[in-house]
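Coordinates only, no sequence provided:
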């Protein structure tokens, strides 16, 4: 079930999470103002909200750490140590075991979780996967009032907008009118 309150770009769940405090308007509203909003967001992303309302402050702190990470990656700076520590702390909680599996005729050592990931674990895993992929770039939208983040996987690394139809169209119209250069 889609929830129109949330902009889900589908690039990386961790950036969709960061974007709950960003928007295409200034100032951006905080779409995760309480635990009920967190439950609505995780439902929109088809994730398990997990936990209890008492854990909500930790969710907001993680979002702040991941926002620092997105800002650093956008500016092509190294990932902040606090962001990496927050991701690793969450990933370390996940129960499971290492096991050998056969993939395309070759043996690989892989982690086998003991249970399905919670929403917060899925977010941490998504951020870790983005950091581990050298071809993935994190960008902030170039739209006039937009502050949303997205991943740029274009061959030349030249994607400028989170959504060409929304932010890109407005920039093209303004450029034609001579407002932007």
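Yep, that arrived. The shown structure was predicted, so the numbers you read here are calculated from the model rather than taken from an experiment.

List the contacts of the helix ranked longest in the chain.
Assignment by DSSP state H gives helix 56-74 as the longest helix of the chain. Outside helix 56-74, the residues that touch it by C-beta atoms under 8 Å, 6 or more residues apart in numbering are 14-15, 17-18, 20-21, 32, 34-35, 38, 51, 78-80, 82-83, 86-87, 90, 120, 123-124, 127, 130-131, 137-140, 149. From N, CA and C alone the C-beta is placed, and that goes for glycine too.

Out of those, which end up buried?
The neighbour count (16 or more other C-beta atoms under 10 Å) marks 14-15, 17-18, 20-21, 32, 35, 38, 83, 86-87, 90, 120, 123-124, 127, 130-131, 137-140, 149 as buried among these.

where along the chain do the strands fall?
Assigned by DSSP state E, the chain shows strands spanning 96-103, 106-113, 137-140, 149-152.

helices and strands around the second one, which ones?
Looking back up the chat, that one is strand 106-113. In terms of contacts (3 or more C-beta pairs under 8 Å, 6 or more residues apart in numbering; DSSP states H and E), strand 106-113 is packed against strand 96-103.

Is residue 109 bridged to anything, and to what?
Beta bridges link residue 109 to residue 100 when assigned by DSSP bridges.

Next one: it from residue 117, what distance?
With distances taken as C-beta to C-beta, to the nearest Å, residue 109 is found 19 Å from residue 117.

Neighbour count: those two, which is higher?
A count of neighbours by other C-beta atoms under 10 Å puts residue 117 above the other of residue 109 and residue 117, at 19 against 8.

Name the residues of the longest helix of the chain that come out as buried.
Buried residues in helix 56-74, counted by 16+ other C-beta under 10 Å: 56, 59, 62, 63, 65, 66, 67, 68, 69, 70, 71, 73.

if you compare the strands of the chain, which one is most tucked away?
Ranked by mean neighbour count, those are led by strand 149-152 with a mean of 22 (mean count of other C-beta atoms under 10 Å).

by contact count, what packs against that strand?
Contacts defined by 3+ C-beta pairs under 8 Å, 6+ apart place strand 149-152 against helix 13-18, strand 137-140.
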